[in-house]
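Visitor: Sequence and computational prediction follow.
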Amino acid sequence: MKVFVVEDERIHLEAIKIAIEEAGLELVGECNNADLAFDLIKTTAPDVLLVDIALPGLNNGITLAQKVHSELGIPHIFTTSFTQDEIIQQAVATHPAGYLRKPVDPVNLKAAVQLALTSQAASTKTQPVPASSETVFAKIGDKLVRVNIDEIIMVKADGENCISLVLEKRDIACRTTLKEFSRQLPAQFIQVHRGYIINLDHLDSFNEREQTAVLKGHSAPVARNFRKILLDSIRKV
């Protein structure tokens, strides 16, 4: 079973490589940067990707995993120290085959890889090819209305059980919670505030003094405890 590892901390990378060897797996490649990893993963064609969530570059482990999952169909397992609920929710949205806490145990690693390959084989047999453009269905009154995910600039909470999907030219009000709706969103959506989730694909700027993200003329506050997640998800020069 061939494994590719994406990890930017040398001490953790070496520990994972030892765990891979002890588990009887084959390491076919490694990378410490999410921006560079995709082409290497495509070239080496591993059976499973082991990826840390927090990585330097425009992409992080979550966005890389989402791209590998959707474009290459390679199952991924997160190896991380993160325990925050909002980060775990973002990771779960990429449909990982597993989630291993560091330090990685060889026995758990081998089991996770075997389960990943088993699930991948079953999925290939039973699941249809997904459409190229992802959509969600928003409940508006008594209707379920199709919304193209790419068009959603941000999602904001409007009260306890109501949210607004902010598009460039209109807002769509839905009766659901921000937490519930976030489970349908892909990895380019990150939470930046208790009441706001933004689409990184539409991010124009981040005002560090005002702690505000600007997207297509719309602004979203960035709470202090979400600031690092945002900064880890964008390239800084």
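Guide: Received it, and whenever you're ready, just let me know what you need. Just so it is clear, the model here is predicted, and its values are computed rather than measured.
Visitor: Relative to residue 114, how far out is residue 108?
Guide: 11 Å (Cβ to Cβ, to the nearest Å). Using the backbone N, CA and C atoms, a C-beta is placed for each residue, glycine as well.
Visitor: Same question for residue 147.
Guide: Applying Cβ to Cβ, one obtains 38 Å for the distance of residue 147 from residue 114.
Visitor: So the two - more neighbours on which side?
Guide: Per other Cβ atoms under 10 Å, whichever of residue 147 and residue 114 has more neighbours is residue 147, with 17 against 14.
Visitor: Could I get the buried residue list for the strand or helix carrying that one?
Guide: Assigning secondary structure by DSSP states H and E places residue 147 in strand 143-148. Across strand 143-148, burial judged by 16 or more other Cβ atoms under 10 Å covers residue 147.
Visitor: With just CA atoms, put stretch 143-157 into CSV.
Guide: Only the C-alpha atoms of stretch 143-157 are listed here, as CSV (Å, rounded to 0.1, in the frame of the first residue of the first chain):
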residue,chain,number,x,y,z
LYS,A,143,-39.4,25.1,-1.4
LEU,A,144,-36.0,23.6,-1.8
VAL,A,145,-34.0,25.9,-4.2
ARG,A,146,-30.8,24.9,-5.9
VAL,A,147,-27.9,27.3,-5.3
ASN,A,148,-24.5,27.0,-7.0
ILE,A,149,-21.9,26.8,-4.2
ASP,A,150,-19.4,28.8,-6.2
GLU,A,151,-21.7,31.8,-6.2
ILE,A,152,-22.0,31.9,-2.4
ILE,A,153,-19.7,34.7,-1.2
MET,A,154,-20.4,34.2,2.5
VAL,A,155,-22.9,32.7,4.9
LYS,A,156,-24.0,34.7,7.9
ALA,A,157,-26.2,33.9,10.9
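Visitor: what mean pLDDT does that stretch have?
Guide: Across stretch 143-157, the average pLDDT comes to 87.
Visitor: centre of the chain versus it, how much separation?
Guide: Between the centre of stretch 143-157 and the centre of its chain there are 18 Å (Cα atoms, centre = their mean, to the nearest Å).
Visitor: show me where pLDDT drops low in the chain?
Guide: Residue ranges of the chain with pLDDT under 70: 56-59, 82-85, 120-133, 139-142, 235-237.
Visitor: And it, what are its domain boundaries?
Guide: Domain assignment for the chain, taken from automatic domain parsing, gives 2-126, 135-233.
Visitor: now, of those, which is deepest in the fold?
Guide: Across those, the average number of neighbours (mean count of other Cβ atoms under 10 Å) peaks for domain 2-126, which reaches a mean of 18.
Visitor: how far does that domain sit from the chain's center?
Guide: With Cα atoms, centre = their mean, you get 12 Å for domain 2-126.
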